[in-house]
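K.L.:
dropping the sequence and predicted coords here.
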Amino acid sequence: MAHKIITFWKLHKYPLLFTLGSVVFYWSFGYDLNRADFIKLLMLYTGAFYFYYKLIQLQHWNFNFLLIAGVLFRLVFFSAEPNLSQDFYRFIWDGELINNGINPYLFTPNEILAQNQLIFPNAHNLVDGMGELSAKHYSNYPPVNQVIFALASLISNGNLLGSIIVMRATIILADIGILFWGRKLLQHLDKPTHNIFWYFLNPLVIIELTGNLHFEGVMLFFFILSIYLISKNKWLWAAPVYAISIMVKLIPLLFLPIFLKFFGFKRSLLFYISVGVGCILLLLPFYASTFIDHYSETVGLWFSNFEFNAGIYNLVKIIAVDFFKAKPWELIEVYGTIVIGFTIAIILLISFLRKNDSLQSVIISMLLALSAYYLLSSTVHPWYLIFLLGLGMFTKYKFPILWSFLVILSYYAYSNPDYAENLWLLAIEYILVMGLFIYEMLGYDIKKLYFFKNWPDA
């Protein structure tokens, strides 16, 4: 037995040390980090990202080792309260409302508290935790998300940590599902199966999903399962699964036109109808006469009011405000409307000008469409990039991995009491990401670049 342990240590000494180092960094992230401490956050994330790269470089052939490492990193956060985002308070609030027979789309938290009725014991604590901005708006989380929130609240009997653990377990299971079905999809596409670990071990995925309880991974799980079913020509089965993905987060809606050439007109029409029916059925339990107005109002805020970690928008803003004396609050409303139009136009151009006659081509088109949307958007929270990272695993493009590292620079804003962003840091992020994006789109091999020279074959 001792001989086997010694032999294993000699064979896997460095990967084991990298794994141990990652556990230490993730523990510090989960239990000993204030998001205002940007230097510590940046150092921990950079270290975790280096270990992530080295683990895959050295062990990309060893599925079981990387699987165990990925699960272990997630379990480190098991009892941690999210410390980079307060969104989880709103999740629990919505779940508590549902369990008390209240539709979360019909009332803002402030409206409910104004009634001076204590609906559930921790109501005031949850509203204080979610923050003033969330408390004055209606819920913008789609129905499948709401079901998860309600189950977490129900199972934990309203206990804060209990709700966090239930949601965290759901997210971990979704990531394991992505690993399983993503690996199968990579095999179908004749891609190296170890590519899936660029997602599964990515620090952004582990910290923002398991650590901070964002549900992009749950959306991605149903999306990948749907694409896998399509790869097996089970597109009618794929449609309701795709609808579930949309009803976790709305992003997969963007990709529906891209299927047109792949399916052909008649099959596309049936697929769209099936997806639409699935979405309607999932929405029905929450439908009310004011639902559409409230939900569209809240979603519209992302285009007309909010700005964070923006790329092209910040450049436009500097030019418009400094040279043309535009008013920032008016600019973002106009810009948001333009972005919607530009995004639709780009998706339609990608849908009709690219061949999209193979599943590989369809996935690349999705990657291009989502990249364009995020580059144009005025709000790109770090966890938004996880879907882009997931798509990238099925292509030869690696700029999403670079972006998943550089996006941590956006957290500098939380080191300031007024949440002011550092435009120089954002410039570094977007110049490097767009540089690699253009480099790869021109057809150059990333292995010609120094940082990528030892990259495992992909």
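P.N.:
Sure thing, it's come through.

K.L.:
what ranges does the stretch 101-250 of the chain have for its helices?
P.N.:
Under the criterion DSSP state H, counting those that start in this stretch, helices of the stretch 101-250 of the chain are mapped to 109-113, 123-130, 132-135, 143-156, 160-188, 197-200, 203-205, 216-231, 235-246.

K.L.:
the fifth one - contacts with which helices or strands?
P.N.:
By that I understand helix 160-188. helix 63-75, helix 87-99, helix 143-156, helix 197-200, helix 216-231 (3 or more Cβ pairs under 8 Å, 6 or more residues apart in numbering; DSSP states H and E). The way it works is simple: take the backbone N, C-alpha and C, and place the C-beta from them, glycine included.

K.L.:
over to the first one?
P.N.:
Contact analysis of helix 109-113 by 3+ Cβ pairs under 8 Å, 6+ apart lists helix 87-99, helix 123-130, helix 132-135 as its packing neighbours.

K.L.:
mean neighbour count and distance to residue 414 for the ones you listed - can I get that in TSV?
P.N.:
Listed next are those as TSV, based on neighbours: other Cβ atoms under 10 Å; distance: least, Cβ to Cβ, whole Å:
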stretch	mean neighbour count	distance to residue 414
helix 87-99	24	14
helix 123-130	17	16
helix 132-135	16	14
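
K.L.:
related to what we said a few turns ago, with distance to residue 292 and mean pLDDT as extra columns, can I get the helices of the stretch 101-250 of the chain in CSV?
P.N.:
Output for the helices of the stretch 101-250 of the chain, formatted as CSV (distance: least, Cβ to Cβ, whole Å; pLDDT from 0 to 100):
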stretch, distance to residue 292, mean pLDDT
helix 109-113, 18, 89
helix 123-130, 24, 90
helix 132-135, 21, 86
helix 143-156, 14, 95
helix 160-188, 27, 97
helix 197-200, 35, 98
helix 203-205, 33, 98
helix 216-231, 22, 98
helix 235-246, 16, 96
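
K.L.:
for the record, mean pLDDT for stretch 337-348?
P.N.:
Mean per-residue pLDDT for stretch 337-348: 92.

K.L.:
thinking again about what came up before, redo the helices and strands packed on helix 109-113 as a markdown table? Include distance to residue 399.
P.N.:
As requested, the helices and strands packed on helix 109-113 are exported to a markdown table (distance: least, Cβ to Cβ, whole Å):
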| stretch | distance to residue 399 |
| --- | --- |
| helix 87-99 | 27 |
| helix 123-130 | 34 |
| helix 132-135 | 31 |
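
K.L.:
for residue 424, which of those helices is the nearest?
P.N.:
helix 132-135 (26.1 Å; Cβ to Cβ).

K.L.:
report the helix or strand with the lowest average pLDDT across the chain.
P.N.:
Across the helices and strands of the chain, the lowest-confidence element by mean pLDDT, DSSP states H and E is helix 291-304, at a mean of 70.

K.L.:
now do the helix or strand that that one is followed by: distance to the chain's middle.
P.N.:
For helix 291-304, the succeeding helix or strand toward the C-terminus, using DSSP states H and E, is helix 312-324. Centroid separation for helix 312-324 versus its chain: 28 Å, with Cα atoms, centre = their mean, to the nearest Å.

K.L.:
go on, stretch 320-337?
P.N.:
Distance of stretch 320-337 from its chain centroid, counting by Cα atoms, centre = their mean, is 28 Å.

K.L.:
all further residue positions should be reported with the first residue as 24.
P.N.:
Got it, the first residue is 24 from now on, which makes the last one we talked about stretch 343-360.

K.L.:
for it, which positions count as buried?
P.N.:
343, 349, 354-355, 358-359 (16 or more other Cβ atoms under 10 Å).

K.L.:
and if you look at stretch 133-142?
P.N.:
For stretch 133-142, burial by neighbour count (16+ other Cβ under 10 Å) applies to 135-136.

K.L.:
got the CA coordinates for that stretch in PDB?
P.N.:
Output in PDB follows, covering the C-alpha atoms of stretch 133-142 (Å, rounded to 0.1, in the frame of the first residue of the first chain):
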ATOM      1  CA  ASN A 133     -40.500  47.400  -1.300                       C
ATOM      2  CA  GLU A 134     -44.200  47.200  -2.200                       C
ATOM      3  CA  ILE A 135     -44.600  44.000  -0.100                       C
ATOM      4  CA  LEU A 136     -42.700  45.500   3.000                       C
ATOM      5  CA  ALA A 137     -44.800  48.700   2.700                       C
ATOM      6  CA  GLN A 138     -47.900  46.600   3.500                       C
ATOM      7  CA  ASN A 139     -46.500  46.200   7.000                       C
ATOM      8  CA  GLN A 140     -47.200  42.500   7.200                       C
ATOM      9  CA  LEU A 141     -44.400  40.200   8.100                       C
ATOM     10  CA  ILE A 142     -44.900  37.500   5.500                       C
END
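
K.L.:
all helices of the stretch 274-423 of the chain, in order?
P.N.:
Under DSSP H, counting those that start in this stretch, the stretch 274-423 of the chain gives helices at 282-286, 288-306, 314-327, 335-347, 351-376, 382-399, 408-415, 422-429.
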